[in-house]
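Asker: Predicted structure and sequence below. I'll ask about it afterward.
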Amino acid sequence: MSSQYAVQDKGSALTPDDIEAWRQRIRTETFANYHYSMGVALARSGEPAQAIESYRKALALNPASPEAVFRLRKLLLAAGDETASEDLHQRALALNPRYEAEAFLHIGLEHLDRSNTEAALPLFEEAVARAPELAEAHYQYAYCLYHFQSAAMEKAKDHFRTAIRRGYLEADAFHYLSWSLCRLPSHIQNQPLVPMERAIALEPHQSKHYLLVSDVQQCLCRFDDALRTLDRLARLGYSAHELNWRRGMSEIARGNPGQALGCLEQARAADPKDVRHAIGLGLAWEAQGEVERALQIYQKITGTTADSAWAWSCLALLHHSRGRIAEALEAHRQALALDAEGAWYHTSYGLTLEAAGRRDDADAAHRKAVDLQVDWLWYHATLRPWAKPLFQAAYQRIGLALPG
């Protein structure tokens, strides 16, 4: 429930009267929230008369609560009391002309707190439509689109930008704007690292921002920069085995499989159950020319942990590299059966389809990958030198811009 009881910073020490007033406000807010929450619970349990009474008690304590007004009006209309509903509406408008938009926002947040994104998304959309100047509504709408509607990444990016432009200057807004830019086909031109600089300036000790920077640097094939960012994360005390895994993958992409093996062995020793570490070792052995060792790793993973789409994809491309196209196609199908939304699994399947003489199907698979999520495609291509020119030709054929 929204609050009208923010403590004002007077720039000086609080007096005893100030402290007592603040305590009274907290007590009032606590009781207002209690009555509001009781109203919600009573309405859900099919007791509208008692819910109406609870909402009225909440509004008596906090008349500026848009969500209490909204929910009370809804019950009054359902009870046929249009006069009381309209009177409440007019009084709320007098206090806050955009109370309806704020009600949609706050109730959407209640749903989001319960992980009910399906219910929250249309409420945030309605808040944006009713009050385009409401910065937080744009942010929350963009947040839902970003996390739960990958096909709407362009729209998410636009609403993150609008939220920032209208004054929502929280670090997460810049963080997610960076990621949404990175996940668009035009991410190379969109400079996804620029907003992340603002996020870091706002929260210089937040590891997640540096993780994103290193990820974006890898997506853009700026591996030296990514390694320097990982060094900064190490100074912040971030997980050593996670950093070793990331360093190892960067070293593979840089063409240093020997250094990669050292990092990845340390990562696996620290957390042997993490399948990513074994897959990384397989990729490093491939890059080292030790194909049979890589094959053993992939076959062990797919035999004992059959739900790893990445392992199946690695196995498929290894078969492909040895000319075993039928086996490669079957392993690709296993990967896609496990993760049909994985962009990399579609594009690697496309590479093998082309080797099988199915160019049209191959290009369709590459386009499907771009439609799903473009950010990591070229990075994955760089992990296998033999495949890199083949991916490059395929991406250029379908009009995808490449970094580097």
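Answerer: Looks like it arrived, so ask away.
Asker: Can you name the residues that contact the residue nearest the centre of the chain?
Answerer: Closest to where the C-alpha atoms of the chain average out (CA atoms, centre = their mean) is residue 147, at 4.5 Å. Contact criterion CB atoms under 8 Å, 6 or more residues apart in numbering gives residue 117 as the residues in contact with residue 147. All C-beta spots, glycine's among them, are computed from the backbone N, C-alpha and C.
Asker: Wait, residue 348 touches residue 331, no?
Answerer: No: taking contacts as CB atoms under 8 Å, residue 348 lies outside contact range of residue 331: 9.8 Å.
Asker: Now do the shared contacts for these two.
Answerer: With CB under 8 Å, 6+ apart as the test, residue 348 and residue 331 both reach 313, 316.
Asker: who has more neighbours, the two?
Answerer: Just comparing residue 348 and residue 331: by other CB atoms under 10 Å the higher neighbour count belongs to residue 348, 30 against 26.
Asker: Check which helices and strands the host helix or strand of the more buried one sits against.
Answerer: Per DSSP states H and E, residue 348 falls inside helix 343-355. Judged by 3 or more CB pairs under 8 Å, 6 or more residues apart in numbering; DSSP states H and E, helix 343-355 is in contact with helix 309-321, helix 325-338, helix 359-372, helix 377-382, helix 388-398.
Asker: do you know which of those helices lies nearest residue 209?
Answerer: helix 377-382 (19.5 Å; CB to CB).
Asker: which residues are contacting the closest one?
Answerer: So helix 377-382 is in contact with 218-219, 221, 253, 343-344, 347-348, 369-370, 387-388, 391-392, 395, 400, 402-404, going by CB under 8 Å, 6+ apart.
Asker: so where is the stretch 101-250 of the chain shaky, pLDDT-wise?
Answerer: For the stretch 101-250 of the chain, residues meeting the criterion pLDDT under 70 lie at 185-190.
Asker: and with 80 instead?
Answerer: Low-confidence segments of the stretch 101-250 of the chain (pLDDT under 80): 149-151, 183-193.
Asker: mind listing the helices in it by residue range?
Answerer: Using DSSP state H, counting those that start in this stretch, the helices of the stretch 101-250 of the chain run over 117-130, 135-148, 153-165, 171-182, 193-202, 207-219, 223-235, 240-253.
Asker: Reformat the ones you listed as JSON lines; add distance to residue 19.
Answerer: JSON lines is the format used below for the helices of the stretch 101-250 of the chain (distance: least, CB to CB, whole Å):
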{"stretch": "helix 117-130", "distance to residue 19": "35"}
{"stretch": "helix 135-148", "distance to residue 19": "30"}
{"stretch": "helix 153-165", "distance to residue 19": "35"}
{"stretch": "helix 171-182", "distance to residue 19": "31"}
{"stretch": "helix 193-202", "distance to residue 19": "30"}
{"stretch": "helix 207-219", "distance to residue 19": "36"}
{"stretch": "helix 223-235", "distance to residue 19": "40"}
{"stretch": "helix 240-253", "distance to residue 19": "45"}
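Asker: Of those, which is nearest residue 45?
Answerer: That would be helix 117-130 among the helices of the stretch 101-250 of the chain, by CB to CB, at 18.0 Å.
Asker: contacts for the closest one?
Answerer: The contact list for helix 117-130 (CB under 8 Å, 6+ apart) reads 98, 100-102, 104-105, 107-109, 111-112, 134, 137-138, 140-141, 144-145, 147-149, 159.
Asker: Repeat that for stretch 261-275.
Answerer: Applying CB under 8 Å, 6+ apart, the set of residues contacting stretch 261-275 is 240-242, 244-245, 247-248, 251, 277-278, 280-281, 284-285, 288, 301, 305, 308, 310-311.
Asker: and of the helices and strands packed on helix 343-355, who's closest to residue 67?
Answerer: Closest of those to residue 67 is helix 359-372, at 36.3 Å (criterion: CB to CB).
Asker: Dump the closest one to CSV, keeping only the CA atoms.
Answerer: Below are the C-alpha coordinates for helix 359-372, written out as CSV (Å, rounded to 0.1, in the frame of the first residue of the first chain):
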residue,chain,number,x,y,z
ARG,A,359,20.4,-24.2,-47.1
ASP,A,360,16.8,-22.9,-46.8
ASP,A,361,16.2,-24.7,-43.5
ALA,A,362,19.6,-23.5,-42.3
ASP,A,363,18.8,-19.9,-42.9
ALA,A,364,15.4,-20.3,-41.2
ALA,A,365,17.2,-21.7,-38.2
HIS,A,366,19.6,-18.8,-38.1
ARG,A,367,16.7,-16.3,-38.4
LYS,A,368,14.8,-18.1,-35.6
ALA,A,369,17.9,-17.6,-33.4
VAL,A,370,18.1,-13.9,-34.1
ASP,A,371,14.4,-13.5,-33.3
LEU,A,372,14.9,-15.3,-30.0
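Asker: start at 310 instead
Answerer: Sounds good: first residue 310 from here, last item helix 668-681.
Asker: Buried residues in that helix, which are they?
Answerer: Counting neighbours by 16 or more other CB atoms under 10 Å, one finds that the buried residues in helix 668-681 are 671, 672, 674, 675, 676, 677, 678, 679, 681.
Asker: which one of these sits closest to residue 476?
Answerer: Using CB to CB, residue 681 comes nearest to residue 476 of the buried residues of helix 668-681, at 33.0 Å.
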